[in-house]
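> Below is the structure, and that's it, no one-letter string:
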Ligand SMILES: Cc1ncc(COP(=O)(O)O)c(C=O)c1O
């Protein structure tokens with residue numbers, strides 16, 4: 001209990017009531033607390049631990065690299081084998097127009113770099129984002145978060161950021177020859193795991209092309225296999241001009257990145273040179289982990305099983321209190337009848353050894369984003385805990 005006390009005393013809080021479990025260790029789909037209570041993890045550190053906790057292949061890669069060298073120079077000056085190999089690997093697996101990678105330390109930093117890149121390349125000032133989006137918490141990325149109450153207390157943010165409704169063709173006219181870029185999540189996360197519909201992303205790209213704006217897709221959450229493809233956009237027959245990734249990219253270590261064509265990305269290296277810089281971006285130890293994580297995704301054919309695992313979740317999770325299940329692959333959101341059920345579900349399941357979590361904006365939602373390596377029997381077990389909890393809620397508060 002001492003750790004919790006010190007955690008609450010010395011570490012800055014993001015909410016008044018953090019879940020506050022004291023972690024002892026974690027492996028595969030499980031997390032163990034300091035009382036040796038074992039939790040089944042349906043969250044994966046919020047879509048980070050796609051290969052499960054403490055993946056041995058990733059650990060081995062980290063250990064090997066640590067013995068050679070760690071930080072030697074700021075990003076972009078020296079050729080470091082792990083970062084070069086990683087960039088080459090990513091580029092080999094995405095659209096042909098995405099030719100170069102800028103490695104960052106986090107998702108929000110990749111968003112910052114992308115917005116700057118679009119402004120620098122197009123010479124334009126307007127940024128268009130979507131209502132109910134989430135792109136990060138630093139000033140630039142927060143400016144593109146489509147939720148006014150999150151921005152109000154931190155104004156002034158970036159000027160000339162305008163918003164469109166996700167999946168609304170009638171808003172496309174707002175993208176004009178003043179627009180530097182349109183930044184969208186491929187699947188809107190905080191809003192409730194909202195999928196793009198009726199070729200929306202394709203239509204945005206077409207409009208961007210017509211007016212000379214760039215399409216930026218934020219794949220920080222769906223990226224690295226969660227939807228059954230390496231990136232979510234690969235399900236939607238669209239090619240972004242800039243692709244952003246993070247979260248699961250590092251196999252559990254902090255890293256982000258953005259990708260574009262050579263021509264576009266080059267504009268960050270002159271007039272002014274050092275247009276975007278980073279001390280730790282492309283850190284060799286993290287890049288080694290990241291490369292190992294991508295190889296593991298492919299070598300173990302992990303993405304091939306995402307579809308059948310999604311089907312299992314959808315088969316088991318039928319209950320009158322669940323209105324619908326949003327999302328795709330292992331990026332699923334239970335939309336409950338009301339927000340108090342979502343609240344009860346997260347807290348009660350935790351007591352019963354299952355980790356669930358909320359979404360940022362959709363308060364009726366509970367996210368299910370387990371490690372992609374989760375086993376079928378673990379899916380069944382976790383879903384049973386969810387159903388039992390919903391039955392308990394029903395008998396306590398509904399009947
Ligand atoms: C879609 C999306 N964009 C950006 C971010 C910000 O990433 P980070 O927390 O690594 O800065 C997140 C994080 O949750 C995200 O889900």
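Okay, I see it. Since the model is a prediction, treat every value here as computed from it, not as a measurement.

> quick one, what contacts the residue in the chain that the ligand sits nearest to?
Going by C-beta to the nearest ligand atom, the ligand is nearest to residue 107 of the chain, at 2.3 Å. All C-beta atoms are positioned from the backbone trio N, CA, C, and that covers glycine. Residues counted as contacts of residue 107 (C-beta atoms under 8 Å, 6 or more residues apart in numbering) are 136, 218, 220, 244-247, 256.

> ok, now residue 56?
Applying C-beta under 8 Å, 6+ apart, no residues qualify as near residue 56.

> Measure how buried residue 165 is and give me the count.
13 (other C-beta atoms under 10 Å).

> Would you agree it is in contact with residue 174?
No. Applying C-beta atoms under 8 Å, one finds residue 165 not in contact with residue 174, separated by 9.8 Å.

> Helices along the protein, start to end?
2-10, 44-47, 56-68, 81-91, 107-122, 139-143, 148-151, 200-211, 262-266, 284-299, 306-316, 339-351, 376-393 (DSSP state H).

> just checking, what packs against the fourth one?
Translated: helix 81-91. strand 100-104, strand 256-260, helix 284-299 (3 or more C-beta pairs under 8 Å, 6 or more residues apart in numbering; DSSP states H and E).

> Please identify the residues of the stretch 251-399 of the chain in proximity to the ligand?
Neighbours of the ligand within the stretch 251-399 of the chain, by C-beta under 6 Å from any ligand atom: residue 256.

> for the spatially closest residue to residue 50 that is not a sequence neighbour, what are its contacts?
The shortest distance from residue 50 to any residue other than its chain neighbours is 4.0 Å, reached at residue 248 (C-beta to C-beta, 6 or more residues apart in numbering). For residue 248, the contacting residues are 44, 47-51, 223-226, 293, by C-beta under 8 Å, 6+ apart.

> how near is residue 248 to residue 99?
Here residue 248 is placed at a distance of 22 Å from residue 99 (C-beta to C-beta, to the nearest Å).

> Would you mind measuring from the residue nearest to residue 111 when sequence neighbours are not counted to residue 114?
Closest residue to residue 111 apart from its sequence neighbours, by C-beta to C-beta, 6+ apart: residue 141 at 4.1 Å. Noted for residue 141: a distance of 9 Å to residue 114, by C-beta to C-beta.

> Give me the more crowded residue out of those two.
residue 114 (32 against 27).

> Settle this for me: the more buried one is touching residue 258, isn't it.
Yes. Taking contacts as C-beta under 8 Å, residue 114 lies within contact range of residue 258: 4.7 Å.

> residues shared between the contacts of these two?
242, 244.

> Can you add mean pLDDT and give the helices of the chain back as a markdown table?
Converted to a markdown table, the helices of the chain look like this (pLDDT from 0 to 100):
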| stretch | mean pLDDT |
| --- | --- |
| helix 2-10 | 93 |
| helix 44-47 | 98 |
| helix 56-68 | 98 |
| helix 81-91 | 98 |
| helix 107-122 | 98 |
| helix 139-143 | 98 |
| helix 148-151 | 98 |
| helix 200-211 | 98 |
| helix 262-266 | 98 |
| helix 284-299 | 98 |
| helix 306-316 | 98 |
| helix 339-351 | 97 |
| helix 376-393 | 98 |
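
> Find the one among those helices with the highest mean neighbour count.
A comparison of the helices of the chain by mean neighbour count, using mean count of other C-beta atoms under 10 Å, puts helix 107-122 on top with a mean of 25.

> So which residues on the stretch 51-200 of the chain come close to the ligand?
Residues of the stretch 51-200 of the chain lying near the ligand (C-beta under 6 Å from any ligand atom): 106-108, 111, 134-136, 185, 189.

> Swap in 8 Å and give it another go.
106-111, 133-138, 141, 185, 189-190 (C-beta under 8 Å from any ligand atom).

> Which two of the residues you listed have the greatest separation?
Pairwise distances across those (C-beta to C-beta) peak at 18.8 Å, for the pair 109 and 190.

> and the closest residue to residue 285 other than its chain neighbours, what does it touch?
Nearest residue to residue 285 in three dimensions, chain neighbours excluded: residue 65, at 4.9 Å (C-beta to C-beta, 6+ apart). Residue 65 makes contact with 82, 284-285, 288-289, according to C-beta under 8 Å, 6+ apart.

> Out of those residues, give me the two with the largest separation.
Most distant of the contacts of residue 65, by C-beta to C-beta, are 284 and 289, 9.9 Å apart.

> Can you give me the separation between residue 169 and residue 195?
In terms of C-beta to C-beta, residue 169 sits 15 Å off from residue 195.

> Residue 137: what's it in contact with?
residue 108.

> Show the pLDDT at it.
With respect to pLDDT, residue 137 scores 98.

> what separates it from residue 49, distance-wise?
Taking C-beta to C-beta, one finds residue 137 at 21 Å from residue 49.

> Same check on residue 383?
20 Å.

> Tell me what the closest residue to residue 368 other than its chain neighbours is bridged to.
Spatial nearest neighbour of residue 368, chain neighbours left out: residue 332 (4.4 Å); criterion: C-beta to C-beta, 6+ apart. Note on residue 332: beta-bridge partners by DSSP bridges are residue 327, residue 368.

> Touching, residue 332 and residue 366? I think so.
No. Judged on C-beta under 8 Å, residue 332 makes no contact with residue 366 at a distance of 9.4 Å.

> list the contacts for residue 314?
Counted by C-beta under 8 Å, 6+ apart, residue 314 has contacts 325, 332.

> What pLDDT does the model give residue 399?
69.

> wait, residue 129
98.

> what's it in contact with, if anything?
Counting by C-beta under 8 Å, 6+ apart, residue 129 has contacts 135, 144-146, 161-164, 182-184.

> And the closest residue to residue 113 other than its chain neighbours, how far from residue 345?
Using C-beta to C-beta, 6+ apart and skipping residues adjacent in sequence, the residue nearest residue 113 is residue 276, 4.8 Å away. Using C-beta to C-beta, we find residue 276 at a distance of 42 Å from residue 345.

> Could you do residue 237 as well?
Residue 237 is 35 Å from residue 345, by C-beta to C-beta.

> can you give me how far stretch 20-36 is from the chain middle?
Distance of stretch 20-36 from the chain centroid (C-alpha atoms, centre = their mean, to the nearest Å) equals 23 Å.
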